[in-house]
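K.L.:
just need the structure, nothing else, for what follows:
(one chain, ligands or ions: 1)
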Amino acid sequence: MPMPYAYFQKQFVPLAEAKIGIMTHAFLYGTATFEGIRGNWNEDVRQIYLFRVQDHFRRLHRSCRILKIDLPYTVEELTDLTVRLVEMCGYAEDVYIRPIAYKSSEVIGVRMHNLEDDFLAFVYPFGPYLDIEKGIRCMTSSWRRVEDVGIPARAKVNGLYVNSALAKTEAQENGYDEAIMLDMDGHVSEGSGENIFIVVDGRLYTPPPTDNILVGITRDSVIRLAADELGIETVERSIDRSELYVADECFMTGTAAHVSAVVEVDRRPIGDGRVGPVTAHLQKLYFDVVRGKNSKYAHWCTAASPKLQPAGRQG
Ligand SMILES: Cc1ncc(COP(=O)(O)O)c(C=O)c1O
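P.N.:
This is a model prediction of the structure:
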């Protein structure tokens, strides 16, 4: 039986024991930054492959610089700790790892300075997040993406996700699967938890980092796979809302969402309203890569071998 563990206050503890106090600064003010990392189960070799885990921790370090959080672990230490945590939990299925660097002082007072910092991580069994087979239906949100001059989207700030949550709930309560947020200039920014691409005349287009996106690791993977495996160039430039309506194909990328086709936006079918050929090709490539089935991209996958551990604290 799998046994959930967390890394909390510098040790491995059963998940149920990992509790923060109600006065924790990060809880009071959202002063924390996180990552979402996928561990993809490969049944053939019975291993979990952590996808681009070092790149996630590099991004976490960058987010910490923006939030003035001291993260006293190297990328290698964070990777080793995560592999150990995944192995300890013993899940034989797809998992999602949530590391968080946060302001841990139990104190009132909104600021970033003169506070203690801490780091935690936990593992969560996690299957598909969006409908990969059929594709998803999206609406342009009435909520605008938070701008870099407000809360920088390039840092994965916990408090920033109120923006995403408002947009996602609006979309789902209106019968859609996902929201597409525009920035203050009216350009397409991203989904509530995904980057967005369109396919036009055999080229990919995606908003640049300066259009208030989280610079996604899946986004980067898809750009590289498209170039190196399909010979398709990606142009990073601002995208108007109406360009979505007339695109040949549209898809979203993200750790949770993988590569998900967008088949409808604002009640208009994209292309013929089905998963398009470029999207389907990228999906196939991507799923082989993240499950460690493409040796050319083995350097993107870090293997973890889940095993059962006796319950109790681990040193
Ligand atoms: C707002 C937002 N944009 C984009 C992404 C995609 O980033 P990545 O591919 O690194 O998971 C995510 C998910 O992490 C996200 O939350």
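K.L.:
could you pull out the strands for the stretch 151-300 of the chain?
P.N.:
178-182, 188-191, 195-200, 203-206, 234-236, 249-254, 258-265, 268-269 (DSSP state E, counting those that start in this stretch).
K.L.:
which stretches of the stretch 1-150 of the chain have low pLDDT?
P.N.:
Within the stretch 1-150 of the chain, not a single segment meets pLDDT under 70.
K.L.:
give me the residue from it nearest the ligand.
P.N.:
When scored by CB to the nearest ligand atom, the stretch 1-150 of the chain has G36 as its residue closest to the ligand, at 4.9 Å. Any C-beta I mention is one placed from the backbone N, CA and C, and that applies to glycine too.
K.L.:
what about the helices in the stretch 1-150 of the chain?
P.N.:
Secondary structure of the stretch 1-150 of the chain (DSSP state H, counting those that start in this stretch): helices located at 25-29, 53-67, 75-89.
K.L.:
quick one: the last one to helix 53-67, angle?
P.N.:
Which is helix 75-89. In terms of direction (axes from the mean of the first three to the mean of the last three CA atoms, to 10 degrees), helix 75-89 departs from helix 53-67 by 120 degrees.
K.L.:
surely F122 touches E17?
P.N.:
No. Look at F122 against E17 with CB atoms under 8 Å: they stay out of range, at 11.4 Å.
K.L.:
who has more neighbours, these two?
P.N.:
Between F122 and E17, counted using other CB atoms under 10 Å, the more crowded position is F122 (18 against 13).
K.L.:
around the ligand, pick out the residues from this structure.
P.N.:
With the criterion set to CB under 6 Å from any ligand atom, the chain comes near the ligand through 36, 164, 190, 193-195, 214, 216-219, 253-255.
K.L.:
bridged to D240, which residues?
P.N.:
D240 has these beta-bridge partners by DSSP bridges: H187.
K.L.:
quick one, what contacts it?
P.N.:
Shown in contact with D240 (CB atoms under 8 Å, 6 or more residues apart in numbering): G186, H187, V188.
K.L.:
ok, M252 next?
P.N.:
M252 neighbours (CB under 8 Å, 6+ apart): L130, I136, E178, G191, E194, N195, I196, F197, V259, S260, V262.
K.L.:
enumerate the beta-bridge partners assigned to it.
P.N.:
I196, S260.
K.L.:
please report how far the nearest residue to V275 once chain neighbours are set aside lies from A247.
P.N.:
Leaving out its chain neighbours, the residue that sits closest to V275 by CB to CB, 6 or more residues apart in numbering is A261, at 4.1 Å. Note on A261: its distance to A247, by CB to CB, to the nearest Å, is 12 Å.
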